[in-house]
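Enquirer: with the sequence up front, the predicted model follows.
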Amino acid sequence: MTKTILEVGALVKNAQEWISGPAYLVFDGQQIEEIGEGTYKKPLLGARKIVRPHSLAIPGLINTHGHAAMTLLRGAGDDMPLMDWLNQRIFPLEEQLTERAIYIGTLLACYEMLKSGTTTFTDMYMMMHHAAEAVANSGMRAMLSWGTVGFTDENRKRGIENTRSLAKAWHNAENGRLQISVGPHAPYTCPADYLRELAKLAEELQLPMQIHLSESQTEVEQALQTWGKTPIAQVRDCGLFSVPVLAAHCVHLTDEDISILAENSVCVAHNPQSNLKLASGIAPLPKMLDAGITVGLGTDGAASNNNLDMFEEMRLAATLHKGISYEATTIPAATAFAMATEYGARCLFQENKLGILEVGRAADITLLNLDSPHLTPIYDLISNLVYACGADDVTDVFVAGEHVLADGKPTRFDIESVLHEARQIASNLSRK
Ligand SMILES: CSC[C@H]1O[C@@H](n2cnc3c(O)ncnc32)[C@H](O)[C@@H]1O
Ligand SMILES: [Zn+2]
């Protein structure tokens, strides 16, 4: 790929370091080669130059938990608690989704995420070859898993076969943009012996895992009744923590659970908006961070959020926990921003590659309009990004050096046809 020189009006490297005046980045097809202050003065030697003096460059945001194709189910079931929402509304609709629906729903999610500055996301869903194809075509990065449940022998066998075939076809595909993980849905949908089998599979394939854990009070109460232990202790005893694990939610945790997560280096995806909307509760984020747990931010699916905007999650994480602790220093803006970038990279086990604008790291860059009211005036860039900015301030996105969102439009796919087909698919779903 041709070398790119991107000149901007300001640049955030990470939550602590930024250049508040003109700056430039030089990158090739994969990595950042140079970052400097001012304008680029050396000869271009065939490189393309993009000049954006009215843009702020930040690291691409990383969404650590979601179900991408659930964009098709946005608004199909609101104002319900988790278990009723899943059993009464979501599962019956998901049974009707076709492979094409997964492709279109995932591409719609990619559009929504790119438009709100996200470059990398995780996905746990079904018919995942089609989700992978959508991610490959969108130009984004993702860590995908085939969501696996173990209600029947047939389910279990299929889950293992699906994960094997997904890993074979897509792990490290598209120059490493796609990563695969093993995806047991939750301890309440995967019996203990099946969780053990999936942990062995992850070890054999050398893949990480993602799983929903301790999301609702009902889940924890049922775990205590059934196994006499919390969901965290249950999955630990099933050997899950022998591989790197990204646990979504972790809302209802005992102090012992927090120690188990920390001791086993389990990363956590915090989904404040989805947890509030499904009335699941508020995760003990400050306690988890104090214990040394890596916590990233996630939107969860568009049917429980109901959007995929990481700016909203940053702002919510930075305000919600102040509200319940009565302490204004809880989760400062810099922590919320790190959760959406650097910590997110750690949650995806790509801590040396993503999450920071730095030489040697991936050229995954989001540009915001510096002339936006939300960036005016600037005392502290990170404060504006977390407390004032929103998806509408995003103009351009680069992933692996490629300009995948230009002036708000995806460069790799036709959004009109995706929107049209998404509407058609939704209108054909039967809602009882
Ligand atoms: C088996 S594929 C993944 C599965 O997860 C469901 N899902 C979506 N949001 C949540 C959530 O917050 N908790 C648990 N499960 C969730 C989704 O509908 C798919 O069926
Ligand atoms: Zn989820």
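Expert: Perfect, I can see it now. Computed from a predicted structure; not experimentally measured. Ligands and ions are numbered 1, 2, ... in the order given.
Enquirer: what is the end-to-end distance of stretch 295-311?
Expert: In stretch 295-311, first residue to last residue: 16 Å (C-alpha to C-alpha, to the nearest Å).
Enquirer: same check, this time on stretch 33-45
Expert: First-to-last residue span, stretch 33-45, C-alpha to C-alpha: 15 Å.
Enquirer: so which bits of that stretch are buried?
Expert: Within stretch 33-45, the residues scored as buried using 16 or more other C-beta atoms under 10 Å are Glu33, Ile35, Gly36, Tyr40. C-betas here are computed from N, CA, C, even on glycine.
Enquirer: again, but for stretch 81-98
Expert: So stretch 81-98, judged by 16+ other C-beta under 10 Å, has buried residues Leu82, Trp85, Leu86, Arg89, Ile90, Leu93, Glu94, Leu97.
Enquirer: next one: that stretch to chain centre, how far?
Expert: 22 Å (C-alpha atoms, centre = their mean, to the nearest Å).
Enquirer: what's in contact with it?
Expert: The contact list for stretch 81-98, computed with C-beta atoms under 8 Å, 6 or more residues apart in numbering, reads 69-70, 72-73, 76-77, 80, 105, 126-127, 215-216, 218-219, 278-280, 303-304, 425, 429-432.
Enquirer: now do stretch 169-176
Expert: Contacts for stretch 169-176 (C-beta under 8 Å, 6+ apart): Gly29, Gln30, His129, Ala132, Ala136, Leu144, Leu178, Gln179, Ile180, Leu205, Leu207, Ala400.
Enquirer: chain center to that stretch, what's the gap?
Expert: With C-alpha atoms, centre = their mean as the basis, stretch 169-176 stands 18 Å off its chain's centre.
Enquirer: sorry, back to before: show me the contacts of stretch 169-176 that map onto strands.
Expert: Among the contacts of stretch 169-176, the members falling in strands are Leu144, Leu178, Gln179, Ile180 (criterion: DSSP state E).
Enquirer: okay, now the domains of the protein?
Expert: What the TED database lists as the domains of the chain is 3-59+365-399, 61-348.
Enquirer: enumerate the residues of the stretch 251-400 of the chain near ligand 1.
Expert: When proximity is defined by C-beta under 6 Å from any ligand atom, the stretch 251-400 of the chain lies next to ligand 1 at Ser274, Asp300, Gly301, Ser304.
Enquirer: try it again with 8 Å
Expert: For the stretch 251-400 of the chain, the contact set with ligand 1 under C-beta under 8 Å from any ligand atom comprises Asn271, Ser274, Leu278, Ser280, Asp300, Gly301, Ala303, Ser304.
Enquirer: need the pLDDT of the fifth one.
Expert: For Asp300, the pLDDT comes out at 98.
Enquirer: and for the first one?
Expert: Per-residue pLDDT puts Asn271 at 99.
Enquirer: coming back round to it: closest one of the ones in strands among the contacts of stretch 169-176 to ligand 1?
Expert: Leu144 (11.2 Å; C-beta to the nearest ligand atom).
Enquirer: what sits against the closest one?
Expert: Here Leu144 is in contact with 122-124, 128, 131-132, 135, 166, 170, 178-181 (criterion: C-beta under 8 Å, 6+ apart).
Enquirer: could you do Ser242 as well?
Expert: The contact partners of Ser242, by C-beta under 8 Å, 6+ apart, come to Ala199, Glu203.
Enquirer: same check, this time on Ile50
Expert: Contacts of Ile50 (C-beta under 8 Å, 6+ apart): Thr4, Ile5, Leu6, Glu7, His403.
Enquirer: that one is in what secondary structure piece?
Expert: Here Ile50 sits within strand 48-59, counting by DSSP states H and E.
Enquirer: with only the CA atoms kept, save that strand in PDB.
Expert: Provided in PDB are the C-alpha atoms of strand 48-59 (Å, rounded to 0.1, in the frame of the first residue of the first chain):
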ATOM      1  CA  ARG A  48       0.000  10.400  -0.600                       C
ATOM      2  CA  LYS A  49      -0.600  13.300   1.600                       C
ATOM      3  CA  ILE A  50      -3.900  14.000   3.400                       C
ATOM      4  CA  VAL A  51      -4.100  17.400   4.900                       C
ATOM      5  CA  ARG A  52      -6.800  17.900   7.600                       C
ATOM      6  CA  PRO A  53      -5.900  20.900   9.700                       C
ATOM      7  CA  HIS A  54      -9.400  21.000  11.200                       C
ATOM      8  CA  SER A  55      -9.200  17.400  12.400                       C
ATOM      9  CA  LEU A  56      -8.300  15.800  15.700                       C
ATOM     10  CA  ALA A  57      -6.700  12.300  15.400                       C
ATOM     11  CA  ILE A  58      -7.300   9.800  18.100                       C
ATOM     12  CA  PRO A  59      -6.700   6.000  18.400                       C
END
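Enquirer: which residues of the stretch 51-200 of the chain lie near ligand 1?
Expert: Counting by C-beta under 8 Å from any ligand atom, the stretch 51-200 of the chain sits next to ligand 1 at 67, 70, 73, 82, 86, 90-91, 94, 124-126, 146-149, 183, 185-186, 189.
Enquirer: how about stretch 218-236, which residues are buried there?
Expert: Neighbour-count burial for stretch 218-236 flags Glu219, Val220, Ala223, Lys229, Thr230, Pro231, Ile232, Ala233, Gln234, Val235, Arg236 (criterion: 16+ other C-beta under 10 Å).
Enquirer: among the buried residues of stretch 33-45, which lie within strands?
Expert: Assigned to strands by DSSP E, the following of the buried residues of stretch 33-45 qualify: Glu33, Ile35, Gly36.
Enquirer: and ligand 1, which of the residues you listed contact it?
Expert: Of these, not one also sits near ligand 1 (C-beta under 8 Å from any ligand atom).
Enquirer: just name the closest of these to ligand 1, please.
Expert: For those, the nearest to ligand 1 is Ile35 (37.9 Å; C-beta to the nearest ligand atom).
Enquirer: look at that closest one and report its pLDDT.
Expert: Reported pLDDT for Ile35: 98.
Enquirer: hmm, it is touching Lys13, no?
Expert: Yes: Ile35 lies in contact with Lys13 (C-beta atoms under 8 Å); the separation is 7.1 Å.
Enquirer: if we can go back for a sec, going by neighbour count, which of the ones in strands among the contacts of stretch 169-176 comes out on top?
Expert: Using other C-beta atoms under 10 Å as the neighbour criterion, Leu144 leads these with 27 neighbours.
Enquirer: show me the contacts for the nearest residue to Met126 once chain neighbours are set aside.
Expert: What sits nearest to Met126 in space, not counting adjacent residues and going by C-beta to C-beta, 6 or more residues apart in numbering, is Gly147, at 6.0 Å. Applying C-beta under 8 Å, 6+ apart, we find Gly147 in contact with His67, Met124, Tyr125, Met126, Gly183, His185.
Enquirer: picking up where we left off before, what is in contact with Ile35 and Lys13 at once?
Expert: Leu357, Glu358.
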